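K.L.:
What would the 3D arrangement of this be:
(one chain, ligands or ions: 1)
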Amino acid sequence: MTSVRRIAVLTGGGDAPGLNAVLFGLVTRAEALGIQCLASEDGYEGLIKGTLTPLDSTRVRGIASQGGSVIGCSNRANPFSYPRRDAEGKLTTEDVSERVAWTVRNENIDLVVAIGGDGTMAMTSRLAPLGVRSVGVPKTIDNDLAATDVTFGFQSAVDFATMAVDRIHTTAAAHDRVMIIEVMGRYAGWIALEAGLAGGANVIVLPEFEYDVQRIADAIHARRKQGQNYSIIVISEGAKPVGGTHAITKDMPAGHLPKLGGAGDRLAKSLEQLVPEHEIRVTVLGHVQRGGSPVAFDRVLGIRMGVAAAEAVARGDDGVMVSLRDGKIVTVPMGDAVGKNRNVTALDERVLAARAVGVEFGVEF
Ligand code: F6P
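P.N.:
Okay, the predicted model is just below:
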């Protein structure tokens, strides 16, 4: 039997399809193992404020197919740089991590299960010296977390983006247009790479490879010469031109990532003079990639990871993250996932396959 009797559960950062599947697997299995679950709603917000809510199997029954998170998400609630307004009303941040440790002690919480991405794993690891024991579950549509082969949420985002690329083809062809589709993924190009390849994009522009706009224009001209009067470009929100910077819509206070956006519009502007024979249109997919029901893959992965997290808690594990490795759910040190994002490389087999079928990446490899 386990010494862990009572855990707090949170879903940190932005939501991802499959969070509710994890909660279903985790809470159902934990209850069967004699472990009581409480929710820290809106990520660390509940633990910061000292308000935990009951989270039993009746609250998670039937939710595995639902998007979002029944216990809410927040990417503001970083205990080490919690946003607040100073005397002049300026947005600043403060360290409220001791409040989390206090809630954990006060509520007799034995361990925190943090379901989140790189940011959530980083803050959870930093809470360990304050006496907060933890188990992590990796989440993000961006699929950029190290120490796991894949994160749940990614496949749902890719499937949605692929469907969007498919639909753009017909309207692009009807109007002889260059269509640019901007997808999420932050500083990793996995969504663009997979949705672009699956959706038959002619050009895929990734954050990992600074793009040369002339190469993209040349690829469009080459298609035109072959009688293909339209082109489809899938671009990651984190893409940068050679020597350029990220396209940012909003800077954020210290400890919070800036809001990306505008990479597609920027590319459209610089392509305008180079391919004047085409009209260019930009579609920004945005949060529809994160919303809605998880696809079956993410539901199954989510439930497996949730069950595995409950079992790790019951075993007495601390400071570990559940992970998918070669098809199996295992645990790895949480630190392995912190600050080491997994990015697309030029030698990734998907990049090589895309190049082999004629996809242009806007870069000379
Ligand atoms: O990390 C997931 C993600 O959807 C990124 O792909 C995107 O850049 C960011 O979150 C958007 O964050 P927000 O929901 O705060 O706009």
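
K.L.:
Please count neighbours and contacts with C-alpha atoms only from this point.
P.N.:
OK.

K.L.:
which residue packs closest to V242, ignoring adjacent ones?
P.N.:
The shortest distance from V242 to any non-neighbouring residue, by Cα to Cα, 6 or more residues apart in numbering, is to E210 (4.8 Å).

K.L.:
list the contacts for that neighbour?
P.N.:
For E210, the contacting residues are A239, K240, P241, V242, G243, G244, G362, V363, by Cα atoms under 8 Å, 6 or more residues apart in numbering.

K.L.:
so the fifth one sits in a strand?
P.N.:
No. G243: not assigned to a strand; according to DSSP: H, G, I helix; E, B strand; the rest coil it is coil.

K.L.:
Show the contacting residues for it.
P.N.:
G243 makes contact with E210 under the criterion Cα under 8 Å, 6+ apart.

K.L.:
Repeat that for the second one.
P.N.:
Contacts for K240 were tallied using Cα under 8 Å, 6+ apart; they are P207, F209, E210, Y211, H246, A247, A263.

K.L.:
In JSON lines: these, plus secondary structure and distance to the ligand.
P.N.:
Below are the contacts of K240 laid out as JSON lines (DSSP: H, G, I helix; E, B strand; the rest coil; distance: Cα to the nearest ligand atom, whole Å):
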{"residue": "P207", "secondary structure": "coil", "distance to the ligand": "12"}
{"residue": "F209", "secondary structure": "coil", "distance to the ligand": "17"}
{"residue": "E210", "secondary structure": "coil", "distance to the ligand": "18"}
{"residue": "Y211", "secondary structure": "strand", "distance to the ligand": "19"}
{"residue": "H246", "secondary structure": "coil", "distance to the ligand": "11"}
{"residue": "A247", "secondary structure": "coil", "distance to the ligand": "11"}
{"residue": "A263", "secondary structure": "helix", "distance to the ligand": "12"}
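
K.L.:
Return the residues of the protein in contact with the ligand.
P.N.:
G14, T140, I141, D142, M184, G185, R186, L260 (Cα under 6 Å from any ligand atom).

K.L.:
hmm, 5 Å instead?
P.N.:
Proximity of the chain to the ligand, by Cα under 5 Å from any ligand atom, involves residues M184, G185, R186.

K.L.:
Centre of the chain to the helix or strand encompassing D218, how far?
P.N.:
Under the criterion of DSSP states H and E, D218 resides in helix 213-225. Distance of helix 213-225 from the chain centroid (Cα atoms, centre = their mean, to the nearest Å) equals 32 Å.

K.L.:
Show me what that helix is packed against.
P.N.:
Packing partners of helix 213-225 (3 or more Cα pairs under 8 Å, 6 or more residues apart in numbering; DSSP states H and E): helix 263-272.

K.L.:
Show me the residue at the heart of the chain, geometrically.
P.N.:
Relative to the mean C-alpha position of the chain, the nearest C-alpha, by Cα atoms, centre = their mean, is the one of T140, at 2.7 Å.

K.L.:
if I read this right, that one contacts G153, doesn't it?
P.N.:
Yes. Between T140 and G153 there is a contact under Cα atoms under 8 Å: 5.8 Å.

K.L.:
Need the overlap of contacts for those two.
P.N.:
By Cα under 8 Å, 6+ apart, the residues touching both T140 and G153 are A16.

K.L.:
so what's the residue of the stretch 201-350 of the chain found nearest the ligand bridging to?
P.N.:
At 5.7 Å from the ligand, L260 is the closest residue in the stretch 201-350 of the chain, using Cα to the nearest ligand atom. In this entry, L260 is beta-bridged to I248, by DSSP bridges.

K.L.:
Report the residue ranges of every domain in the chain.
P.N.:
The chain is divided into the following domains under automatic domain parsing: 6-152+294-337, 154-289.

K.L.:
which of those domains sits most buried?
P.N.:
When the domains of the chain are scored by mean count of other Cα atoms under 10 Å, the highest mean neighbour count falls to domain 6-152+294-337 (a mean of 21).

K.L.:
related to what we said a few turns ago, in CSV: the domains of the chain, plus distance to A353.
P.N.:
Output for the domains of the chain, formatted as CSV (distance: least, Cα to Cα, whole Å):
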stretch, distance to A353
domain 6-152+294-337, 19
domain 154-289, 9
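
K.L.:
Sort out for me which of the residues of the chain next to the ligand are in helices.
P.N.:
Among these, the subset assigned to helices under DSSP state H is empty.

K.L.:
can you give me the strands in the stretch 101-250 of the chain?
P.N.:
111-116, 134-138, 178-183, 203-205, 231-236, 248-250 (DSSP state E, counting those that start in this stretch).
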